[in-house]
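[1] take this sequence and fold it.
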Amino acid sequence: MKDRIQKVSDRIKKTVNDPLQMRIVGNDFKNILLTIFKYVILIGVSYVILAPVIGMFVNSIKSDADAFNPMVFILPAHPTLEKYALAIKRLDYWTTAVRTLVYTVTITLVQLFICSMVGYGFARFEFPLKKLLFGCVILTIVIPSHTIMLPLYMTFKSFDPFGIGKMLTGTPGLMGTVIPMYVMTFLGAGLRSGLFIYIFIQFFRGLPKEIEEAAFVDGAGMFYTYFRIMLVNAMPAVITVTVFSIVWQFNDVFYAKLFLIPDNVVISKRIASLQGIIANEDQILSLTLQELYRDAGAILVIVPVVIIYLSLQKYFIEGVERSGIVG
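    So this is what the prediction gives:
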């Protein structure tokens, strides 16, 4: 033992007497402090982001006894999945989730098609009023949707081409259907379409023009070049827009309420009424217990989006980096 202490003492003396060793030890100490600081920041930010989700999950597996037990603070004493069973039943979860995914995926495909074409046009072609039109695209990103909700409502309330709205709902206009969202998306004015157009513009600008020139020399037309060459090379941007679009469309409540889209089509709208349904259908009048069922329903709604994001995470990060989107 004495020999080990003596060796450590000799090493410290050598370090003190050697300026180079002192500098190395100092740099190592700074690196250790910097690493600790990084982990503290990461853990703190992760806690702020994940704490509400973890709290909802913990609440969703609490039993009725745990909800009224003051000794239960974090982990429930008698965890149960009964809240999920009733939430699935009252949400008509599987049917509603499938309808929501079909609605979300079709809107996403339309946005990919329209926004990519518009972004390619802005990035590669010169045409009259290009700067003015690009400014309009930027305005759709900047202007809050709430400021134009009344004009949108009045437009689609009276807009009924070929009597489609009356045929579907029995009343003139397109309110109460998903058609307004498809119309807006086809016209490049859907949910966050301005941002998606901007992402494609940034990405296409970063691709070398020699790719197109080589295709034109080989006799390829404009549309062939776009679909078979440029869009294939823009897959990182496509993945980025796909993830953004699916998540925002899946969670959209603003347009769903504005256009009176049925609850059985948009599950994010249906979750808002789950607490009331539980109170009326199951006569669970305690607000504390109602909140547990609501948290279970919220977790069920989050799960599909998390699965999609985790599946596409690698391509999503790559797309964000290559498209130049920051902040």
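[2] can you map out the strands along the stretch 1-150 of the chain?
    Here the stretch 1-150 of the chain has no strands by DSSP state E, counting those that start in this stretch.
[3] low-confidence ranges, it, go.
    Scanning the stretch 1-150 of the chain for pLDDT under 70 picks out the ranges 1-29.
[4] go with 50
    Applying pLDDT under 50 to the stretch 1-150 of the chain flags residues 8.
[5] and the next element down the chain from the helix or strand where residue 236 lies?
    Taking DSSP states H and E as the criterion, residue 236 maps to helix 235-251. Beyond helix 235-251 in the direction of the C-terminus, DSSP H and E gives the next helix or strand as helix 254-258.
[6] which of the residues in that next one are buried?
    By 16 or more other Cβ atoms under 10 Å, the buried positions in helix 254-258 come out as 255, 256, 258. For the C-beta atoms, the positions are set from N, CA and C on the backbone; glycine is no exception.
[7] reformat those as JSON lines; add pLDDT.
    Below are the buried residues of helix 254-258 laid out as JSON lines (pLDDT from 0 to 100):
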{"residue": "255", "pLDDT": "92"}
{"residue": "256", "pLDDT": "90"}
{"residue": "258", "pLDDT": "91"}
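[8] which one of those is nearest residue 79?
    For those, the closest approach to residue 79 (Cβ to Cβ) belongs to residue 256, at 33.2 Å.
[9] that closest one and residue 267 touch, don't they?
    No: counting by Cβ atoms under 8 Å, residue 256 stays clear of residue 267, with 9.9 Å between them.
[10] how much space separates residue 175 from residue 307?
    Computed as Cβ to Cβ, to the nearest Å, the residue 175 to residue 307 distance reads 32 Å.
[11] more neighbours: these two, which one.
    residue 175 (20 against 10; other Cβ atoms under 10 Å).
[12] show me what the helix ranked longest in the chain is packed against.
    Scanning the chain for the helix with the most residues, using DSSP state H, yields helix 19-60. Under the contact criterion of 3 or more Cβ pairs under 8 Å, 6 or more residues apart in numbering; DSSP states H and E, helix 19-60 touches helix 2-17, helix 287-323.
[13] mind redoing it with 6 Å?
    helix 287-323 (3 or more Cβ pairs under 6 Å, 6 or more residues apart in numbering; DSSP states H and E).
[14] quick one, the helix it packs on and helix 19-60 angle?
    Angle of helix 287-323 versus helix 19-60, following axes from the mean of the first three to the mean of the last three Cα atoms, to 10 degrees, is 140 degrees.
[15] tell me how many other residues crowd residue 56.
    Residue 56 is flanked by 18 other residues according to other Cβ under 10 Å.
[16] which residue, other than its chain neighbours, is closest to it?
    Leaving out its chain neighbours, the residue that sits closest to residue 56 by Cβ to Cβ, 6 or more residues apart in numbering is residue 295, at 4.2 Å.
[17] ok, now residue 57?
    residue 299 (5.7 Å).
[18] the one you found and residue 60 touch, don't they?
    Yes: using Cβ atoms under 6 Å, residue 299 is in contact with residue 60, at 5.4 Å.
[19] neighbour-wise, which of these two wins?
    residue 60 (24 against 19).
[20] need the contact list for that one.
    By Cβ atoms under 6 Å, 6 or more residues apart in numbering, the residues touching residue 60 are 83, 295, 296, 299.
[21] residue 301 now?
    267, 271.
[22] got it, and residue 175?
    Contacts of residue 175 (Cβ under 6 Å, 6+ apart): 157, 259, 260.
[23] of those, closest to residue 68?
    Minimum distance to residue 68 across those is 38.6 Å, recorded for residue 260 (Cβ to Cβ).
[24] tell me how far the closest one lies from residue 193.
    Note on residue 260: its distance to residue 193, by Cβ to Cβ, is 21 Å.
[25] if we can go back for a sec, show me which positions of the helix holding residue 236 end up buried.
    By neighbour count on 16+ other Cβ under 10 Å, the buried set for helix 235-251 is 236-251.
[26] what do you get for stretch 35-55?
    For stretch 35-55, the neighbour count (16+ other Cβ under 10 Å) marks no residue as buried.
[27] can you give the contact residues for that stretch?
    Applying Cβ under 6 Å, 6+ apart, stretch 35-55 has no contact partners.
[28] apply 8 Å and report the result again.
    If you take Cβ atoms under 8 Å, 6 or more residues apart in numbering as the criterion, stretch 35-55 is touched by 299, 302.
[29] so how far is it off the chain centroid?
    The chain centre lies 20 Å from the centre of stretch 35-55; the measure is Cα atoms, centre = their mean, to the nearest Å.
[30] what's the answer for stretch 73-86, then?
    Its chain's C-alpha centre and that of stretch 73-86 lie 28 Å apart, by Cα atoms, centre = their mean.
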